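Participant: Need the 3D shape of this:
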Amino acid sequence: MTYLYLMQDQKPLNETIILNHVHHLRQLKQAGKLVLCGPFSDHPGGLVVIHASSKEEALQIAKSDPFIRDQYKTFDLYTLDVADENNDFGLR
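Facilitator: Model (predicted):
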């Protein structure tokens, strides 16, 4: 399943927390869990899209993100029904 967590800024970031977050993302990528991620240019926060076997696993991944774990950001977790060529963009 594909999940995404939307993050909302809570306090200013610093270099250390950013590096810890990047390390977390690299680990997710190496594990085949990370689909895409990035900050918003027009809104305070960002998103991370992941593959997980369950919502519980996705929740654990989000809560282990240093941005969230160390309370620099809050988050909302959503299940994404991917629409693409494989399912005729959601028709199947």
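
Participant: Buried by neighbour count: which residues of the lengthiest helix in the chain qualify?
Facilitator: Secondary structure of the chain per DSSP state H: the longest helix is helix 15-30. Neighbour counts over helix 15-30 (16 or more other CB atoms under 10 Å) mark 17, 20-21, 24-25, 28 as buried. Backbone N, C-alpha and C define where each C-beta goes, glycine included.

Participant: quick one: which of these is nearest V35?
Facilitator: Closest to V35 out of the buried residues of helix 15-30 is L28 (9.2 Å), distances taken as CB to CB.

Participant: If I follow the layout properly, the closest one ends up in contact with I61?
Facilitator: Yes: using CB atoms under 8 Å, L28 is in contact with I61, at 6.9 Å.

Participant: Output the contacting helices and strands for the longest helix of the chain.
Facilitator: Secondary-structure packing of helix 15-30 (3 or more CB pairs under 8 Å, 6 or more residues apart in numbering; DSSP states H and E): strand 34-39, strand 45-51, helix 66-69.
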